[in-house]
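> Quick check, what structure comes out for this input:
(one chain, ligands or ions: 1)
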Amino acid sequence: MSYSRGVHTTTNQFRTHMVGDLSPSLIGTTVKLAGWVQVVRAQSKIIFLVLRDFDGLVQCVVLPEHEAAFSAAKNISQESVVSVEGVIVEAKQAPGGFEIQVTSLEVISASNPELPIPVVERGGNETDQAIRLDYRWIDLRKPEKLLVFKVWTLLEQSLRDYFIEQRFLQIHSPKLMSSPSESGAEVFKVKYFDRFAYLAQSPQFYKQMAMAAGFERVFEIGPVFRAEPSFTTRHATEFTGFDFEMSFITSHEDVIDIWSKAIAHGLQSVADTYGKEIKERYDIDVVVPSLPFPQLTMIEAKALLAKKNIADDRSGDLSPEQERALGEIAKEKYGHEFIFITEYPASVRPFYHMRKEEDKDITLSFDLLWKGLEITTGAQREHRHDVLEAQAKEKGMNKDSIAHYLDFFRYGCPPHGGAGIGFGRMVMLMLNLESIREASFVYRGVKRLTP
Ligand code: ATP
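Numbers count the residues shown, from 1 in each chain. As a prediction, the model looks like this:
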């Protein structure tokens, strides 16, 4: 999908074309456009306007002979919403080689002339992020910010298409839970009539319920809530999760296989449609990864990290520094941006991860790192009720709080596994954005509940 010409154009009182529809082949045609006035340059005999819509920018000129338009343009404030009618004329100096000679101009919604943040940042330095986030709707008017969400939409659509082709069903599970979905920590507790509810930290339990329900393969794209008092560039308190779960697998390798193929498919679509624009605006090449993605077990990964003298301060798990170093190892050793780390010790994984038959301290699980940052956690799940119950007990889980969950495995449940992915993190990494705040339409963090 892309916002291809002709598909989105609606002819109505405001517009006959969008900027992307215009081309030199239309020189001589009268068109009506609508959008925001990004720039006004008024001279005594001519007024230049730069009009911006969803597609991009076009230069417009207003001459005094069109009196009403000229006087409206003279008084217009930057970022006002207007509709202009005019003729496309050749203009060698204008981008694209043409401009609009305006014959009439209607101010649909005037902007306050005092903009709280600029839309066109000067000198390459952006306004402070906190202020930009306060005025996020104005920040998002910048074409490079809009691109983030064009890319997001396409990536989400191509992943959705891929999974549906692989016979996955889409589910939407509740976000209000009677008990915390994974652990007691990092959960938001909210008042729910005469008792409390908890906001879902993942759709994990419901994805597994779908496996017990015979759905066989499901995915969900939805909000995930984490009450983590975290101020990193990769954590939000509410984010969009992409989760999937599949039945009748032989091991976590089946999950790794399908997720690698889905990523390659998603990145291929993004590269095909937006690769050029991403290169222009972000100076990044969208690399379509080769298959299969490289893998290291946790033991192998730690050995390679030790060789590089990277401090190991997370027994069994990986520190952000170690993840970064593994990203470099993936590049150097395998020429790949992605790397799966498998076989995490049971001590650092949740009770529902299946353990290796021949070594119960090791789980059939993985994390996927992209450019040295975790984007996915996945595993084969334990579907045997008695084993699951024992593992929960060993982890000190409160049996009452997971009683409903354990019931899913009492009445026949196939072997299954799946993964959870942070969508914002993927988009952030794809475009090398400085923070998940820039990849979130509206970011939620410890100190941010507005706008
Ligand atoms: P991390 O170790 O980075 O905090 P996690 O191990 O808690 O992540 P999971 O519970 O495995 O993460 O969640 C699955 C995926 O969701 C992660 O791989 C990541 O991409 C994303 N994710 C997790 N927590 C956050 C968060 N607070 N904000 C944004 N994305 C997140």
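> What spatial separation is found between Phe163 and Arg217?
8 Å (C-beta to C-beta, to the nearest Å). From N, CA and C alone the C-beta is placed, and that goes for glycine too.
> Comparing the two, which residue is more hemmed in?
Between Phe163 and Arg217, Phe163 has the larger neighbour count (other C-beta atoms under 10 Å), namely 23 against 20.
> nearest spatial neighbour of the more buried one, skipping sequence neighbours?
Phe219 (4.8 Å; C-beta to C-beta, 6 or more residues apart in numbering).
> just to revisit the earlier point, tell me, what's touching Phe163 and Arg217 both at once?
Shared contacts of Phe163 and Arg217, defined by C-beta atoms under 8 Å, 6 or more residues apart in numbering, comprise Phe244.
> Need phi/psi at the closest residue to the ligand within the chain.
The minimum distance from the chain to the ligand, using C-beta to the nearest ligand atom, falls at Gly422 (2.6 Å). Torsion angles at Gly422 (phi, psi; degrees, to the nearest 10) stand at phi -90, psi 110.
> who touches it in this structure?
Residues counted as contacts of Gly422 (C-beta under 8 Å, 6+ apart) are 224, 234, 239-242, 375-376, 436.
> In the sheet, which residues pair with the residue nearest to Phe163? Tell me.
Beta-bridge partners of Phe219, counted by DSSP bridges, are Gln170, Phe244.
> Quick check: it touching Gly241?
No - with contact defined as C-beta atoms under 8 Å, Phe219 does not count as touching Gly241 (10.3 Å).
> Which residue of these two possesses the greater neighbour count?
When Phe219 and Gly241 are compared for neighbours, Phe219 comes out ahead with 26 against 21, by other C-beta under 10 Å.
> any idea how far that one is from Val107?
If you measure Phe219 against Val107 using C-beta to C-beta, the figure is 46 Å.
> Then Val31?
In terms of C-beta to C-beta, Val31 sits 18 Å off from Val107.
> okay, these two: which has more neighbours?
Each of Val31 and Val107 has its neighbours counted (other C-beta under 10 Å); Val31 has more, 19 against 16.
> Write out the residues of this structure neighbouring the ligand.
Neighbours of the ligand within the chain, by C-beta under 6 Å from any ligand atom: 226, 228, 235-236, 239, 241, 374-377, 420-422, 424-425, 436.
> Now with 8 Å, please.
182, 186, 201-202, 224, 226, 228, 230, 234-237, 239, 241, 367-368, 373-377, 419-422, 424-426, 436 (C-beta under 8 Å from any ligand atom).
> What subset of these is buried?
Taking 16 or more other C-beta atoms under 10 Å as the criterion, what is buried in those is 182, 201-202, 224, 226, 228, 234-237, 239, 241, 367-368, 373-377, 419-422, 424-426, 436.
> So which of these sit within strands?
Taking DSSP state E, the ones among these that sit in strands are 224, 239, 241, 367-368, 373-377, 419-422.
> Identify, from the residues you listed, the entry nearest to Phe149.
Ranked by distance to Phe149 (C-beta to C-beta), these are led by Phe239 at 14.8 Å.
> hey, what's the closest one bridged with?
Counting by DSSP bridges, Phe239 is bridged to Val224.
> I figured it hits Ile421, correct?
No - under the criterion of C-beta under 8 Å, Phe239 is not in contact with Ile421, lying 10.3 Å apart.
> so where do the helices sit in the stretch 251-400 of the chain?
Under the criterion DSSP state H, counting those that start in this stretch, helices of the stretch 251-400 of the chain are mapped to 252-282, 298-307, 320-334, 385-394.
> To Val81, which of these lies closest?
Using C-beta to C-beta, the helices of the stretch 251-400 of the chain put helix 252-282 closest to Val81, at 23.6 Å.
> what packs against that closest one?
Under the contact criterion of 3 or more C-beta pairs under 8 Å, 6 or more residues apart in numbering; DSSP states H and E, helix 252-282 touches helix 143-165, strand 238-247, strand 338-342, strand 365-370, strand 373-380, strand 416-422, helix 423-430.
> quick one, what contacts Arg444?
Arg444 touches 236-239, counting by C-beta under 8 Å, 6+ apart.
> and the two most separated of the residues you listed?
Counting by C-beta to C-beta, the most remote pair of the contacts of Arg444 is Thr237 and Phe239, 8.0 Å apart.
> So for those two, which residues contact both of them?
With C-beta under 8 Å, 6+ apart, Thr237 and Phe239 have common neighbours 226, 444.
> ok, back up a step: so, if you compare the contacts of Gly422, which one comes nearest to Val50?
Of the contacts of Gly422, the one sitting nearest to Val50 (C-beta to C-beta) turns out to be Ile436, at 31.3 Å.
> Per-residue confidence, that closest one, what does it come out as?
As predicted, Ile436 sits at a pLDDT of 97.
> Quick check: closest non-adjacent residue to it.
Ile436 sits nearest to Gly424 (C-beta to C-beta, 6+ apart), 4.9 Å away.
> still on that earlier bit, now distance to Phe441 and pLDDT too, for the ones in strands among the buried ones among the residues of the chain next to the ligand, in TSV please.
Listed next are those as TSV, based on distance: C-beta to C-beta, whole Å; pLDDT from 0 to 100:
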residue	distance to Phe441	pLDDT
Val224	15	96
Phe239	11	97
Gly241	15	97
Asp367	26	98
Leu368	24	98
Leu373	21	98
Glu374	22	97
Ile375	19	98
Thr376	21	98
Thr377	24	98
Ala419	23	98
Gly420	20	97
Ile421	17	97
Gly422	14	95
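> ok, of these, which one's closest to Arg349?
Nearest to Arg349 among these, with distances taken as C-beta to C-beta, is Thr377, at 8.6 Å.
> Name whatever forms a beta bridge with that closest one.
Counting by DSSP bridges, the residues bridging with Thr377 are Asp367, Gly420.
> looking at it, it is touching Asp367, isn't it?
Yes - with contact defined as C-beta under 8 Å, Thr377 reaches Asp367; the gap is 5.3 Å.
> so how far is Glu126 from the residue of the chain closest to the ligand?
Between Gly422 and Glu126 the computed distance is 24 Å (C-beta to C-beta).
> what about dumping the CA coordinates of stretch 363-383 to PDB?
Only the C-alpha atoms of stretch 363-383 are listed here, as PDB (Å, rounded to 0.1, in the frame of the first residue of the first chain):
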ATOM      1  CA  THR A 363      14.200 -22.100  28.400                       C
ATOM      2  CA  LEU A 364      13.200 -22.600  24.800                       C
ATOM      3  CA  SER A 365      13.100 -18.800  24.500                       C
ATOM      4  CA  PHE A 366      14.700 -16.000  22.600                       C
ATOM      5  CA  ASP A 367      15.100 -12.300  22.300                       C
ATOM      6  CA  LEU A 368      15.600 -10.600  19.000                       C
ATOM      7  CA  LEU A 369      18.000  -7.700  18.800                       C
ATOM      8  CA  TRP A 370      17.900  -5.200  16.000                       C
ATOM      9  CA  LYS A 371      20.900  -2.800  15.700                       C
ATOM     10  CA  GLY A 372      21.800  -3.800  19.200                       C
ATOM     11  CA  LEU A 373      18.400  -3.300  20.900                       C
ATOM     12  CA  GLU A 374      15.800  -5.800  22.000                       C
ATOM     13  CA  ILE A 375      12.600  -5.600  19.900                       C
ATOM     14  CA  THR A 376      11.100  -9.000  20.600                       C
ATOM     15  CA  THR A 377      10.800 -11.600  23.300                       C
ATOM     16  CA  GLY A 378       9.500 -15.000  22.400                       C
ATOM     17  CA  ALA A 379       9.400 -18.600  23.500                       C
ATOM     18  CA  GLN A 380       7.700 -22.000  23.300                       C
ATOM     19  CA  ARG A 381       5.200 -21.900  26.200                       C
ATOM     20  CA  GLU A 382       4.700 -24.700  28.700                       C
ATOM     21  CA  HIS A 383       1.300 -26.200  27.800                       C
END
